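Participant: Sequence and computational prediction follow.
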Amino acid sequence: DGHGLLLRRSSSSTHFAGQWEWPGGKTDRGEDFITALRREVTEETGLAVDFTGFAGANCFEMERLHVVCLCMEARVAGGTLTLSGEHDAAEWVQLTDLPKWDIAPNSRSLVLEYVAKKAHEA
């Protein structure tokens, strides 16, 4: 509906404390991407989601790791927004307003590319 959920990394976060990001996380050994993403979104937000499309991808280096980040579009299918200890705030943000937010640097370019893509589709 033209909005995205941003989560603010808690002050106890090792990386990017106080900055905003989309829900997500890493796969566990043997776990496929969609299963991992559903699990991570639920763990971080309490929400169940249905994936509706591909949002984009990027990669970055982090602690001697090469991280590939795949992002999906989704809609809420159930649950109640409840934050895990990883985040201390959540905001539903109009997509066109995302560039104004302090997005964590590992995903900022992806977020900005997504906003531009959605503006072009409109």
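Facilitator: Yep, it's here.
Participant: how about the helices of the chain, start to end?
Facilitator: 33-45, 105-121 (DSSP state H).
Participant: Which one of those helices has the poorest average confidence?
Facilitator: The minimum mean pLDDT among the helices of the chain belongs to helix 105-121 (a mean of 91).
Participant: Give me the helices and strands touching that one, please.
Facilitator: With contacts taken as 3 or more CB pairs under 8 Å, 6 or more residues apart in numbering; DSSP states H and E, helix 105-121 sits against strand 47-62, strand 65-79. Any C-beta I mention is one placed from the backbone N, CA and C, and that applies to glycine too.
Participant: go with 6 Å
Facilitator: Applying 3 or more CB pairs under 6 Å, 6 or more residues apart in numbering; DSSP states H and E, one finds that helix 105-121 contacts strand 47-62.
Participant: Give me the sheet partners of the strand it packs on and which way each runs.
Facilitator: Using DSSP bridges, strand 47-62 pairs in its sheet with strand 65-79 (antiparallel).
Participant: So which residues lie in contact with the strand it pairs with, not counting its own?
Facilitator: 46-53, 55-60 (CB atoms under 6 Å, 6 or more residues apart in numbering).
Participant: Narrow those residues to those that are buried.
Facilitator: The neighbour count (16 or more other CB atoms under 10 Å) marks 47, 49, 55-56, 58 as buried among the contacts of strand 65-79.
Participant: Could you report the neighbour count for residue 105?
Facilitator: For residue 105, the count of nearby residues is 11 (other CB atoms under 10 Å).
Participant: From residue 104, how far off is the nearest residue to it once chain neighbours are set aside?
Facilitator: Sequence neighbours aside, residue 16 is the residue nearest to residue 105 in space, at 7.1 Å (criterion: CB to CB, 6 or more residues apart in numbering). Plainly put, residue 16 is 4 Å away from residue 104 if you go by CB to CB, to the nearest Å.
Participant: returning to that earlier point: need the winner for burial among the helices of the chain.
Facilitator: Most buried of those, by mean neighbour count (mean count of other CB atoms under 10 Å): helix 33-45, with a mean of 16.
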